[in-house]
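Undergrad: Let me see the structure of the following:
(chains A and B)
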Amino acid sequence: MSALDVKDLSVSHGAITAVKKLSFSIEQGQLAAIIGSNGAGKTTLLRALSGLIPSSHGTATWNGKSLLGEKPEDLVRAGIVHVSEGKSVIPELNVKENLALGGIWRKDKKDVAVATEEVLELFPRLRERLQQSADTLSGGERQMLAIGRALIARPQLLLLDEPSLGLAPLIIEQIFEAINQLRHRLNLTVLLVEQNAMSALKIADVGIIINVGSLVTSGPSKELLADANLRAAYLGY
Amino acid sequence: MIIIDTLLIGLSSGAIYALMALALVLVWRSTRVVNFAQAGQAILSTYLGYEVMNRTHSYWISIPFAIVGGAAIAAFIDAVILRSLAKRSHKGSVSEIAPVIATLGLLGLIRSLTGMIWGNAYVQYISPLSGKGYMIGKHTIPFSPQNLIIVIGALLVMGIFATIFKFTNLGLALRAASFQPEISRLAGIRVDRIRTIGWAFAGAAGAVAGALVTPTTYLSPNSLDLLLVSGFVAAVIGGLDSLIGAVLGGLLLGVGFAFILQYIGASVTFSAAFIILIVVLFVRPRGILGSKVGRRDA
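TA: Numbering: from 1, shown residues only, chains lettered A, B, ... in the order given. Just a heads-up that it's a prediction; the model follows:
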């Protein structure tokens, strides 16, 4: 049994079926990159998996337990944490408060403190800006803050929606490097949704390519990167 | 001396406006609803206080009952009525306006309910504190022990709220949920529950306003209606989503009214509220402390 198992999943967005009968699975500790262009249904997929929107058909399970129909706030408690698109931070709060949100529901306050310290070591720039409003951060710093907040919840499955969006290439490299380090260190299972196919597949174990809501192909990311036809058609380089 | 006297009058009534504005802002921030029922809720909790006072013969014992009652009424309105309304209304402009209309309906409902239970006649909710102004030398200032307790009570409520919002996890959750409900849910905050707590705080603030101001006047099912208008104008002056703004707006409005009353006349005070409201909306629609997105992302 795979850790994350999605079968025949369909999700509608108003009148449009944004995700159509999508099936894929990920093993424990793997990093899977979901690649697709704008409008491919990637964000809709993550929003359905994290409970923000309902699905219309199919199943999705995490270690055998269904994710569908659960509320996001309950899924967070079950270790499934979604970092939504567009630097998911609260600009009206300062950096420290944004981080505190990550552990606000947790009973083990000692471990929240330990986790917070780990995040500040991983992203030292956040430590320098603890009292600053999140509004004043750069795009890369905001992404660090969003991921940092997610880590303080001690996730098992991390759903990352386009962490590279709007970032400079050098920053993208740093963020992806951090994601890669983290998942090995914490044995995280990661579902990474990206338009930036190259950067994502470089750190991913498996790639899942989708187009207008349907699966195109999936497989080990090295093989996908080597496939010249795929590269031309979907990976865009 | 007249200027100081006028300021003192304004300070006391401004403190009450500030409490009412605080109640409206708390609800606006947590659910983006302009709560017209707030006047009704405050009346109902004040009548609860009045009942307790009739039985215990103590104004001081009645106040905590009014506060808890006010919080419970507000929590009930949000958790039972508005939440099920939200589940039934679809997205779009109707879902935004439906809760506001519902609060208007509730205002009427609560008013007639209190009328049925307690009658429409004016009754006295009496404080043991004197309503007569302090004497300074031979001059009686228009500021009584009851006015003093109004100002102290209002400051106390504001201080408690400020402490909760700034220094506790509950306050952090309240702020986060009001700014970005979706991100808050993804962070694990039970936003529905937090919103209801925001409503309960608002209900408590309104109850304090009702219990403190009523001994200076009288109690009837619509005796706090004008307070709703003043509270709303104060909240708009303050920016509608700023707690400090609500307090400043209330005090400014109270002092402004006092001066209009003193130097222009009683007949224009009420219309002055609307003129101030319109001027603020034209000149500074964000209010004095409102955030840039305060009114847009409704």
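
Undergrad: For chain A, which residue occupies the most central location?
TA: Chain A has residue A:160 as the residue nearest its centroid, 1.2 Å off, counting by Cα atoms, centre = their mean.

Undergrad: need the residues of chain A near chain B, please.
TA: A:50, A:52, A:71-73, A:76-77, A:81-84, A:88-93, A:97, A:100-102, A:104-106, A:149, A:153 (Cβ under 8 Å from any Cβ of the partner chain). C-beta here means a position set from N, CA and C on the backbone, and glycine is covered the same way.

Undergrad: before we move on, the earlier item: who does the residue nearest to the centre of chain A bridge with?
TA: Beta bridges link residue A:160 to residue A:83, residue A:192 when assigned by DSSP bridges.

Undergrad: tell me the contacts of it?
TA: Residue A:160 is in contact with A:83, A:147, A:179, A:190-193, counting by Cβ atoms under 8 Å, 6 or more residues apart in numbering or on different chains.

Undergrad: ditto for residue A:129
TA: A:95, A:136-137, A:141.

Undergrad: Switch the residues you listed over to JSON lines; also include pLDDT and secondary structure.
TA: Shown next, in JSON lines, are those (pLDDT from 0 to 100; DSSP: H, G, I helix; E, B strand; the rest coil):
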{"residue": "A:95", "pLDDT": "96", "secondary structure": "helix"}
{"residue": "A:136", "pLDDT": "93", "secondary structure": "helix"}
{"residue": "A:137", "pLDDT": "93", "secondary structure": "coil"}
{"residue": "A:141", "pLDDT": "93", "secondary structure": "helix"}
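
Undergrad: could you flag which of those are buried?
TA: Buried subset of the contacts of residue A:129 (neighbour count, 16 or more other Cβ atoms under 10 Å in any protein chain shown): A:95, A:137, A:141.

Undergrad: Helices of the chain, residue ranges please.
TA: Since no chain was named, I'll use chain A. A:42-49, A:72-77, A:95-102, A:109-122, A:124-128, A:139-152, A:169-186, A:197-203, A:221-226, A:228-230 (DSSP state H).

Undergrad: My question was about chain B, not that one.
TA: Using DSSP H, helices in chain B cover B:2-31, B:38-56, B:59-76, B:83-88, B:93-118, B:145-167, B:169-179, B:181-186, B:191-213, B:225-238, B:243-263, B:269-283.

Undergrad: Please tabulate these in a markdown table, including the columns mean neighbour count, mean pLDDT and distance to residue A:8.
TA: Putting the helices of chain B into a markdown table (neighbours: other Cβ atoms under 10 Å in any protein chain shown; pLDDT from 0 to 100; distance: least, Cβ to Cβ, whole Å) gives the following:
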| stretch | mean neighbour count | mean pLDDT | distance to residue A:8 |
| --- | --- | --- | --- |
| helix B:2-31 | 24 | 93 | 37 |
| helix B:38-56 | 24 | 96 | 49 |
| helix B:59-76 | 21 | 97 | 42 |
| helix B:83-88 | 11 | 84 | 28 |
| helix B:93-118 | 15 | 90 | 31 |
| helix B:145-167 | 17 | 93 | 46 |
| helix B:169-179 | 21 | 93 | 35 |
| helix B:181-186 | 22 | 94 | 25 |
| helix B:191-213 | 26 | 96 | 31 |
| helix B:225-238 | 25 | 92 | 50 |
| helix B:243-263 | 22 | 92 | 49 |
| helix B:269-283 | 14 | 84 | 53 |
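
Undergrad: May I see the ones you listed organised as TSV, with distance to residue A:42 added?
TA: Below are the helices of chain B laid out as TSV (distance: least, Cβ to Cβ, whole Å):
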stretch	distance to residue A:42
helix B:2-31	31
helix B:38-56	44
helix B:59-76	39
helix B:83-88	28
helix B:93-118	27
helix B:145-167	37
helix B:169-179	26
helix B:181-186	17
helix B:191-213	25
helix B:225-238	41
helix B:243-263	39
helix B:269-283	42
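
Undergrad: Including distance to chain A, could the ones you listed go into CSV?
TA: Shown next, in CSV, are the helices of chain B (distance: least, Cβ to the nearest Cβ, whole Å):
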stretch, distance to chain A
helix B:2-31, 11
helix B:38-56, 24
helix B:59-76, 19
helix B:83-88, 13
helix B:93-118, 15
helix B:145-167, 10
helix B:169-179, 4
helix B:181-186, 4
helix B:191-213, 7
helix B:225-238, 17
helix B:243-263, 13
helix B:269-283, 23
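
Undergrad: how close does residue A:130 get to residue A:143?
TA: Per Cβ to Cβ, to the nearest Å, residue A:130 is found 17 Å from residue A:143.

Undergrad: higher neighbour count, the two?
TA: residue A:143 (30 against 13; other Cβ atoms under 10 Å in any protein chain shown).

Undergrad: Surely the more buried one is in contact with residue A:85?
TA: No - at 10.9 Å, residue A:143 does not count as touching residue A:85 under the criterion of Cβ atoms under 8 Å.

Undergrad: shared neighbours of these two, anything?
TA: Residues within reach of residue A:143 and of residue A:85 at once, by Cβ under 8 Å, 6+ apart: there are none.

Undergrad: Backbone dihedrals for the closest residue to chain A within the stretch 51-200 of chain B, both of them.
TA: Nearest to chain A in the stretch 51-200 of chain B, going by Cβ to the nearest Cβ, is residue B:188, at a distance of 3.8 Å. The phi and psi values for residue B:188, taken as degrees, to the nearest 10, are phi 100, psi 10.
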